[in-house]
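Asks: What follows is a protein structure lacking sequence information:
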């Protein structure tokens, strides 16, 4: 009986001592866990908890971590540094930022130039029409009151209107404004593309070369200066606009029809390739052809009006110097018709309409070439 009581006491004491030890360990663990160790998912490689500590916490307290744990670092202790991909470098990033700055400048310049040339169109049109109508009225008054001064004033006004009409017909301010609007829109697209690549932190040297070529292609397609670099406003053949690298009017004419000769696997199924090729044919035979047809009509109409306006004011200027009712009547009629023609050509912005069709045709050509290049790529 005494032995049984002694064994019971030993068991109870041992269990009590084991419970005390375990509770002591639990209290110690709780104390250790209540230490100010803040854990969060902050993407900062310099604050990552070491693998050894994570394994220790997992084995000692049975915690499992499904996400990478990082130490909570205050904002003032963090240093923001550019994270470069293995193929990027500081020099590449500098070049990309330089290209971005150049694109930003071009966006601003094309915006300002477009507004300026749109104002040119409005002011020149108003000035030409006011001079033409004033000269026509003066010539009509000279028929009723035979005064040499009235005929001289009308002749001078008709001559000035002829000169300004010739300048407007040559440079086509409405078409120039549309060119600058298109250039600004395309440079904004290029700016967004560059910013996206910089946000991804993955530009490479080939990317720098590609962006540089795109900027130069846009500069070639939509020049800023007028003298020596202005695009031909009345070309012999109406061609789509080309603002992407490696394409020009001369190369387009010599390139001819492209054929699909790629036999290597490119990840496309045969059915999908046939559908995409059918889309390319539709783009060429329907969409692009429609815009080229409309552009040709706008170009022919613009050529006719550009010749007719200065011709009528020139006739009015020549006949206004002669006396007689017949010459005066002819000058007045020619001046009135010149005002109508100039208002329809420049007020209706026929040149701008032609440029819009040219840009739309270029967009469909770019889409077709992109699809063809994608189909010819191999894995």
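Replies: Sure thing, it's come through. Since the structure is predicted, the reported quantities are computational estimates derived from the model, not experimental observations.
Asks: Show me the helices in the stretch 151-300 of the chain, by range?
Replies: Under the criterion DSSP state H, counting those that start in this stretch, the stretch 151-300 of the chain carries helices at the ranges 173-200, 205-221, 249-255, 270-282, 288-319.
Asks: can you state the direction angle for the second one and helix 173-200?
Replies: Taking axes from the mean of the first three to the mean of the last three Cα atoms, to 10 degrees, one finds helix 205-221 and helix 173-200 inclined to each other by 170 degrees.
Asks: and for helix 205-221, what are the contacting residues?
Replies: Applying Cβ atoms under 8 Å, 6 or more residues apart in numbering, the contact partners of helix 205-221 are 92, 95-96, 99, 102-103, 106, 183, 186-187, 190, 193-194, 197, 241-248. Bear in mind the C-beta positions are built from the backbone N, C-alpha and C, glycine included.
Asks: Would you mind giving the helices of the stretch 151-300 of the chain as a markdown table with mean pLDDT, distance to residue 365 and mean neighbour count added?
Replies: As requested, the helices of the stretch 151-300 of the chain are arranged in a markdown table below (pLDDT from 0 to 100; distance: least, Cβ to Cβ, whole Å; neighbours: other Cβ atoms under 10 Å):
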| stretch | mean pLDDT | distance to residue 365 | mean neighbour count |
| --- | --- | --- | --- |
| helix 173-200 | 92 | 14 | 19 |
| helix 205-221 | 91 | 13 | 16 |
| helix 249-255 | 42 | 8 | 11 |
| helix 270-282 | 86 | 10 | 12 |
| helix 288-319 | 93 | 6 | 20 |
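Asks: Quick one: closest of those to residue 151.
Replies: Across the helices of the stretch 151-300 of the chain, residue 151 has its closest neighbour in helix 288-319 (10.2 Å, Cβ to Cβ).
Asks: so what does the closest one touch, helix or strand wise?
Replies: Packed against helix 288-319 by the contact rule (3 or more Cβ pairs under 8 Å, 6 or more residues apart in numbering; DSSP states H and E) you find helix 90-144, helix 148-171, helix 325-342, helix 350-376.
Asks: helices or strands next to the third one in the packing?
Replies: What that stands for is helix 325-342. Judged by 3+ Cβ pairs under 8 Å, 6+ apart, helix 325-342 is in contact with helix 90-144, helix 148-171, helix 288-319.
Asks: Just put those in CSV and tack on distance to residue 329.
Replies: Putting these into CSV (distance: least, Cβ to Cβ, whole Å) gives the following:
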stretch, distance to residue 329
helix 90-144, 7
helix 148-171, 13
helix 288-319, 9
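Asks: Residue 336: which of the ones you listed is closest?
Replies: Comparison of the helices and strands packed on helix 325-342 against residue 336 by Cβ to Cβ identifies helix 90-144 as nearest, at 5.5 Å.
Asks: could you check the angle helix 148-171 makes with that closest one?
Replies: For the pair helix 90-144 and helix 148-171, the angle between their directions (the same axes, to 10 degrees) equals 150 degrees.
Asks: what's the average pLDDT for helix 90-144?
Replies: Mean per-residue pLDDT for helix 90-144: 91.
Asks: Taking their axis directions, it and helix 325-342 sit at what angle?
Replies: Helix 90-144 and helix 325-342 meet at an angle of 160 degrees, taking the same axes, to 10 degrees as the criterion.
Asks: Tell me the helices and strands packed up against helix 90-144.
Replies: With contacts defined as 3+ Cβ pairs under 8 Å, 6+ apart, the secondary structure elements packing on helix 90-144 are helix 148-171, helix 173-200, helix 205-221, helix 288-319, helix 325-342.
Asks: Rebuild the ones you listed as JSON lines, extending it with distance to residue 363.
Replies: Conversion of these to JSON lines gives the following (distance: least, Cβ to Cβ, whole Å):
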{"stretch": "helix 148-171", "distance to residue 363": "25"}
{"stretch": "helix 173-200", "distance to residue 363": "10"}
{"stretch": "helix 205-221", "distance to residue 363": "12"}
{"stretch": "helix 288-319", "distance to residue 363": "9"}
{"stretch": "helix 325-342", "distance to residue 363": "31"}
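Asks: Looking at those helices, which is nearest to residue 350?
Replies: With Cβ to Cβ, the closest approach to residue 350 among the helices and strands packed on helix 90-144 belongs to helix 288-319: 4.5 Å.
Asks: between the closest one and helix 350-376, what angle do the directions make?
Replies: In terms of direction (the same axes, to 10 degrees), helix 288-319 departs from helix 350-376 by 160 degrees.
Asks: Just the residues contacting stretch 341-353, thanks.
Replies: For stretch 341-353, the surrounding residues in contact (Cβ under 8 Å, 6+ apart) are 121, 124-125, 128-129, 132, 165, 168-169, 172-175, 177-178, 233, 298, 301-302, 305-306, 308-309, 312.
Asks: What pLDDT is listed against residue 374?
Replies: Note for residue 374: predicted pLDDT of 83.
Asks: heads up, I number from 783, so please use that
Replies: With the count now opening at 783, the last piece we talked about shows up as residue 1156.
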